[in-house]
Every structure is written in C-alpha cells, then in structure tokens.
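Novice: A structural model of the following input is requested.
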Amino acid sequence: MSIKPWEHTEISSLKGKDILTLHDLTRLEIEEILKKCETVKTMFNLGADYKPLKGKTLGMIFQKSSTRTRVSFEVAMWQSGGYALFLNSNDIQIGRGETIPDTARVLSRYLDGIMIRAYSHEDVKILAKYADIPIINGLTDYTHPCQVLADLFTIQEKKKKLTGLKLAFIGDGKNNMANSLIFGCSKVGMDITIASPKEFLPDKEVVDKAKADANMNGSKITLTQDVYEAAKNADVLYTDVWTSMGQEEETEYRKEIFAGYQINNELVSVADQSVIVLHCLPAHRGEEITEEVMEGPHSVIFDEAENRLHVQKAILSLIMG
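Specialist: Numbers count the residues shown, from 1 in each chain. Below you'll find the predicted structure:
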C-alpha cells in the first residue's frame, strides 16, 4: 500500500526549534518549511484528515492586537488536532507582576509551544532563553518571520521558484517587514531592493547581517530612494502601511514623507509584465497602495493572506509535532 506524503513520520530538523527571525534559520530549514507548506495546503484542499498536533497545546501571548496572526494560529492548531490558548497580556503577569524568565519556566510546564506577538524583540529573546519549549515570534518591532515565510511560499506558488527573482519593497525600510524580507530574500537567493526616504532606509546592522547570506546564495541587497529604480523589472512588488502599530502619533508626518512611496498603476507598469503585488495587511487603500492595484490582476494579496494559515500549520507541525 502506498504511503501518502503526510503519513511520513521522519523527525524534522526543526523539531523543538525557536522561530525568532529568518536570519536564525538556514536556507535548508526555510526550504523545509516551504515544502511542508505545500504538503499541508494540498491536504487542506483535498479535505484530508491530518492531525499531527493531537494532544498538543499552543499558548498565544498577545501584547499587540491582531487579525491574521491570531486567527491563523488558532485555526491552524484546531485543524491540526491541537488546542490554542489565547493569553492577553493584560490577563497574565508577564513583565508586570512576574519576570519573563519566571513566566517562561512556568508556561513550559503547561504548554507544548508559545507564540508571542510583542513590541520588544528583546523580551521575546528572553522568553526563548528561559523556556524549555519552542517559541514562535508572531511579530515584534524588529521582525515578522511568519509573515515573510507566507510571502515566500506565495511567491514560490505563483512564480515556481525563488532564486533569481527580484523583489522591490516600497515604503518604510526600517520596519519589521522590511527587516524580515531582507533576511528572507538573502536566505533563498532572491534579489531585494528597498525604496525608502533617506531617513527610513534600513538599519546598517540588518543589512550587514544579511549580506553574508546574500553573497553565499548569489543575491543582492540594494537600497535606494527612487521607487522607479526599485520597481524596474521587479518580479514582486511589496508594500506595508506607512505608520505601524505604536507610531500613531507620527501619522501625519509619515503621510507627508511617504507620499511618493505608493504602489500604483504607474509603478506597476515599470515592473516585469508578470509582476505580482503583495501586502502583509492591513492596507490603507489610497496611501501605500491604490485601490486599482489592490483589486487588480497583479494582486495576490488575499492568496498571500490565506497562506498564513498553511504556514502556521507547517511551522507548528515541524517544531511541535
């Protein structure tokens, strides 16, 4: 009798591993996650009964509000046979009445894994240091690795490859999405160009970290203030909101300085003819992206959003299964 792809029981190289940034993962580990994504999405579409996390519990700590991260992780655990426990930061003692190391030790006795969406990346690193169970970064101000894994999977679905492609990110080059895209593209051999105002170009520390991976994998990291230079012949156009959570007091200033950093039909026209447009959502239509592009033939934004579910399943099954 033939064995279905999802019936293999080999131990993943990622079992028990923290997912804090894509820079921490090897190219082979990223490729393993993407391959697992393809498998779990195929099973989902076939309606296959696949419960690798039966009896497992994921704690989900939220210091920041969320739509896609919470729903995708919670549904991923349920569809994989496990249980997701929502832990609002106002309802537990982490960082307030109890130290992060103590919280990590206690939760390690109750749970099989923790996903945390936080402001401070250092807090997540401390949690991972003291926990005996795998920790997943659901977003910090520094990186958003699960989102970029979904982005890479979406690009691979649509383009049938990653290596040799060019991705252009238009917007705030200092935010967590730009950081994660730089780390992710450099790992998989994809060229990335960041187009931002001068004072919002990526931090040197992030670029320097990624350069060794880019050199090893034959990709380039380019920084520019010119959106047309960035978009020229791009295979993927990517943007994010100009004002991230926690920066609301800078909204008007950011609207003014980022006014020319918008994905619109004119910018799409200088990219490759088969360019795809991505956005991690939520989107402010009419600001970083126009309505026409968001709903146009190049947009795969809602396929990308769906793929968050399949990526979360892949990650959870590999590190907790």
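
Novice: For this structure, which segments count as helices?
Specialist: Using DSSP state H, the helices of the chain run over 27-46, 68-79, 100-110, 121-130, 145-159, 176-188, 204-217, 227-231, 251-257, 265-268, 291-294, 301-320.

Novice: now for those helices, which one comes closest to residue 244?
Specialist: Within the helices of the chain, the stretch nearest residue 244 is helix 176-188; the backing value is 7.4 Å (C-beta to C-beta). To be clear about C-beta, it is placed using only N, CA and C from the backbone, and glycine gets the same treatment.

Novice: and the angle for that closest one with helix 121-130?
Specialist: 50 degrees (axes from the mean of the first three to the mean of the last three C-alpha atoms, to 10 degrees).

Novice: Put the alpha carbons of helix 176-188 into CSV.
Specialist: Taking Å, rounded to 0.1, in the frame of the first residue of the first chain, the C-alpha atoms of helix 176-188 are listed here in CSV:
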residue,chain,number,x,y,z
ASN,A,176,9.8,44.8,10.8
MET,A,177,8.5,43.7,7.4
ALA,A,178,11.5,45.3,5.6
ASN,A,179,13.9,43.7,8.0
SER,A,180,12.3,40.2,7.6
LEU,A,181,12.1,40.5,3.8
ILE,A,182,15.8,41.4,3.7
PHE,A,183,16.6,38.3,5.9
GLY,A,184,14.3,36.0,4.0
CYS,A,185,15.3,37.1,0.4
SER,A,186,19.0,36.8,1.3
LYS,A,187,18.5,33.2,2.5
VAL,A,188,16.7,32.0,-0.6
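
Novice: Which strands or helices does it pack on?
Specialist: helix 27-46, helix 145-159, strand 166-170, strand 191-195, helix 204-217, strand 221-224 (3 or more C-beta pairs under 8 Å, 6 or more residues apart in numbering; DSSP states H and E).

Novice: deepest of the ones you listed, which one?
Specialist: Mean neighbour count, computed with mean count of other C-beta atoms under 10 Å, is highest for strand 166-170 among those, reaching a mean of 26.

Novice: just checking, what packs against it?
Specialist: Right, strand 166-170 is packed against helix 176-188, strand 191-195, helix 227-231, strand 236-239 by 3+ C-beta pairs under 8 Å, 6+ apart.

Novice: report the angle between the axes of the second one and strand 166-170?
Specialist: Put plainly, it is strand 191-195. Angle of strand 191-195 versus strand 166-170, following the same axes, to 10 degrees, is 20 degrees.

Novice: Now do strand 191-195, average pLDDT.
Specialist: Across strand 191-195, pLDDT averages out at 98.
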